[in-house]
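A predicted structure for the sequence below; I have some questions about it.
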Amino acid sequence: MLPLVALVGRPNVGKSTLFNALTRSRDALVHDEPGVTRDRNYGVCRLLEGRPFVLVDTGGIAGEDEGLAGATARQSRAAAEEADLVLFIVDGREGSSALDDDILRWLRKLAKPTLLVVNKTDGIDVRTALAEFARYGFSDVLAVSSAHRTGIDALLARVAALLPETGSAETLDDDPERIRIAFVGRPNVGKSTLVNRILGEERMIASEVPGTTRDSIAVDLERDGRKYRLIDTAGLRRRARVEEAVEKFSAVKTLQAIEQCQVAVLMLDASEGVTDQDATVLGAVLDAGRALVVVLNKWDGRSDYERQQAEALAARKLGFVDWAERVRISALHGSGLRELFRAIHRAHASATRTFSTSEVTRAVEAAYAANPPPVVRGHVAKLRFAHPGGESPPTFIVHGSRLKTLSGSYQRYLENFFRKRFKLVGTPIRFVFREGN
Ligand code: GDP
Ligand code: GDP
């Protein structure tokens with residue numbers, strides 16, 4: 001499981017600013033893709049060193065203006081109660097307030113590892129600001145400015161040091177033949193129906209993975225002689241009636257499931273098109289670099305016209321991930337499942353394909369020869385050679401000169417060239433550009 005870190009603090013101390021600074025600061029490999037909306041409340045931080053974690057901005061969950069006493073604060077509490085580490089954010093300019101004191105009292109009862117983060121320390125005397133909170137008695141105190149991104153690296157280093165050791169025997173001693181799948185999508189698209197349908201077919205050989213708890217549910221199964229592990233998703237949980245607020249918190253579970261899987265199956269309700277919420281889930285899949293299959297569910301009972309409409313809508317909204325296969329199914333009737341599993345296999349095979357240095361270098365040379373980058377302010381980028389940089393997603397390290405001048409459209413050209421040449425379907429691919437040798 002990805003560890004969970006919660007940002008807790010009264011309104012206006014800068015939680016969402018800090019959230020952005022933390023989630024956007026480090027990962028040079030993550031680009032904002034067109035068509036993807038980001039959820040401001042949840043994000044995965046991928047540290048260059050150390051393990052990734054899910055960051056939750058509890059202020060965002062709880063609504064704009066409440067104290068911890070408000071009814072809407074339940075979400076903040078739920079997030080903090082599940083968190084492995086709490087970052088208690090206070091405002092270094094305004095100093096402590098009664099509301100901060102309330103929160104502190106509650107955090108003490110919670111007895112979680114907690115870091116005191118004194119924010120907004122730009123342009124003020126940091127020592128005075130820290131002294132103001134000395135009576136809170138924290139041994140771990142960091143001064144940051146989220147707006148100016150100072151102290152963020154030190155904070156990340158401290159967070160990394162405090163996170164629990166990875167207990168993921170679950171993924172470590174994994175059978176390489178077993179494909180880890182997560183069914184993701186917003187509520188009501190049919191995840192539970194699909195999972196039940198799949199498990200129902202194969203009830204005899206499905207088994208819960210030992211050691212998984214209420215918080216981490218996985219089921220192993222075999223189907224047509226192939227082995228799979230279904231990673232925790234809303235569909236695997238017993239569907240108790242949950243309040244909407246609690247349902248929203250399951251977004252964290254979705255992020256964790258995406259991180260653990262190899263192939264994410266994004267389920268859409270064919271009749272409802274692609275909503276912002278769908279796009280948020282899709283963004284998380286792309287950020288994590290996971291293989292992707294898109295499912296248009298509820299294909300039953302639609303007229304030809306409705307089906308055409310649904311196809312056209314999906315094609316338009318998902319044009320930027322046109323490398324992902326779209327499979328039409330009816331989870332209710334169990335139709336389309338064979339095609340779905342075939343697509344999962346193709347995506348997984350592409351995501352885990354291995355490459356030799358020479359074939360990657362030849363591909364870069366061929367792409368370059370067919371279409372060299374344009375001249376930018378009198379300079380032309382040169383691509384010299386390349387080598388494989390890893391799988392899931394396939395990553396290519398390209399060496400050359402003036403690579404900073406490579407435009408986004410040229411990078412997309414390279415990507416498409418590689419996709420065609422190596423017949424890669426259903427997986428994002430990444431390029432890392434290195435100046436020189
Ligand atoms: P939240 O309610 O805790 O999520 O707070 P926000 O992130 O929305 O920030 C509240 C206000 O404080 C905004 O006007 C921010 O621009 C400002 N702010 C946040 N971080 C800093 C900081 O490091 N320095 C300064 N000077 N202002 C900040
Ligand atoms: P989840 O929240 O994503 O797990 O969605 P559920 O599996 O609970 O499904 C939500 C509703 O959609 C339920 O009423 C299902 O019966 C219905 N549903 C799911 N799959 C299909 C399908 O393929 N066709 C039709 N017509 N209804 C479906």
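Perfect, I can see it now. The structure presented is a predicted model; accordingly, all values stated were derived computationally and were not measured. Ligands and ions are numbered 1, 2, ... in the order given.

could you tell me whether residue 181 really is in a strand?
Yes: assessed by DSSP: H, G, I helix; E, B strand; the rest coil, residue 181 belongs to a strand.

show me which residues of the stretch 51-200 of the chain sit near ligand 1.
59, 119-120, 122, 145-147 (C-beta under 6 Å from any ligand atom). Where C-beta positions appear, they are placed from N, C-alpha and C, glycine not excepted.

try 5 Å this time
Proximity of the stretch 51-200 of the chain to ligand 1, by C-beta under 5 Å from any ligand atom, involves residues 59, 120, 122, 145-147.

most widely separated two among those?
Farthest-apart pair in those is 59 and 122; separation 20.2 Å (C-beta to C-beta).

pick out whichever of the two has more residues nearby.
More crowded of residue 59 and residue 122, by other C-beta atoms under 10 Å: residue 59, with 26 against 17.

residue 431: what secondary structure?
Applying three-state DSSP: residue 431 is strand.

pretty sure it is touching residue 396, no?
Yes: between residue 431 and residue 396 there is a contact under C-beta atoms under 8 Å: 5.3 Å.

more neighbours: which of the two?
Shown here are residue 431 and residue 396; by other C-beta under 10 Å, residue 396 has more neighbours (23 against 19).

quick one: contacts for that one?
355, 360, 364, 386-389, 418, 429-432 (C-beta atoms under 8 Å, 6 or more residues apart in numbering).

among these, which one has the most neighbours?
Busiest of these [other C-beta under 10 Å] is residue 386, holding 28 neighbours.

doesn't that residue belong to a strand?
Yes: according to three-state DSSP, the state of residue 386 is that of a strand.

dump the residues of the stretch 51-200 of the chain next to ligand 1 to JSON lines, plus secondary structure and pLDDT.
Shown next, in JSON lines, are these (DSSP: H, G, I helix; E, B strand; the rest coil; pLDDT from 0 to 100):
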{"residue": "59", "secondary structure": "helix", "pLDDT": "67"}
{"residue": "120", "secondary structure": "coil", "pLDDT": "96"}
{"residue": "122", "secondary structure": "coil", "pLDDT": "96"}
{"residue": "145", "secondary structure": "strand", "pLDDT": "96"}
{"residue": "146", "secondary structure": "coil", "pLDDT": "94"}
{"residue": "147", "secondary structure": "coil", "pLDDT": "92"}
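
possible to save these as JSON lines with distance to residue 22?
Below are these laid out as JSON lines (distance: C-beta to C-beta, whole Å):
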{"residue": "59", "distance to residue 22": "14"}
{"residue": "120", "distance to residue 22": "16"}
{"residue": "122", "distance to residue 22": "17"}
{"residue": "145", "distance to residue 22": "13"}
{"residue": "146", "distance to residue 22": "8"}
{"residue": "147", "distance to residue 22": "13"}
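
ligand 2: which of those is nearest?
Ligand 2 lies nearest to residue 59 out of these, by C-beta to the nearest ligand atom, at 26.7 Å.

which element is the residue nearest the centre of the chain on?
Geometric centre of the chain, nearest residue: residue 284, 3.3 Å, by C-alpha atoms, centre = their mean. Residue 284 belongs to helix 276-288 when assigned by DSSP states H and E.

verify the stated contact: residue 223 with residue 341.
Yes: contact criterion C-beta under 8 Å: residue 223 and residue 341 qualify, at 6.5 Å.

name the element the closest residue to ligand 1 within the stretch 251-400 of the chain belongs to?
When scored by C-beta to the nearest ligand atom, the stretch 251-400 of the chain has residue 251 as its residue closest to ligand 1, at 17.4 Å. Per DSSP H and E: residue 251 is located in helix 244-260.

need the next SSE after that helix, C-terminal direction.
For helix 244-260, the following helix or strand on the C-terminal side (DSSP H and E) is strand 263-269.

what mean pLDDT does that next one get?
Strand 263-269 shows an average pLDDT of 95 in the prediction.

which parts of the stretch 201-350 of the chain sit against ligand 2?
Counting by C-beta under 5 Å from any ligand atom, the stretch 201-350 of the chain sits next to ligand 2 at 235, 298, 300, 330-332.

could you redo those residues as CSV and give each row neighbour count?
Shown next, in CSV, are these (neighbours: other C-beta atoms under 10 Å):
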residue, neighbour count
235, 25
298, 24
300, 15
330, 21
331, 27
332, 15
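
as a markdown table, those with distance to residue 259 would be great.
Formatted as a markdown table, those follow (distance: C-beta to C-beta, whole Å):
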| residue | distance to residue 259 |
| --- | --- |
| 235 | 17 |
| 298 | 28 |
| 300 | 32 |
| 330 | 29 |
| 331 | 24 |
| 332 | 29 |
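
ok but residue 7 is inside a strand, no?
Yes: counting by three-state DSSP, residue 7 is part of a strand.

my read: it touches residue 21, true?
No: look at residue 7 against residue 21 with C-beta under 8 Å: they stay out of range, at 10.9 Å.
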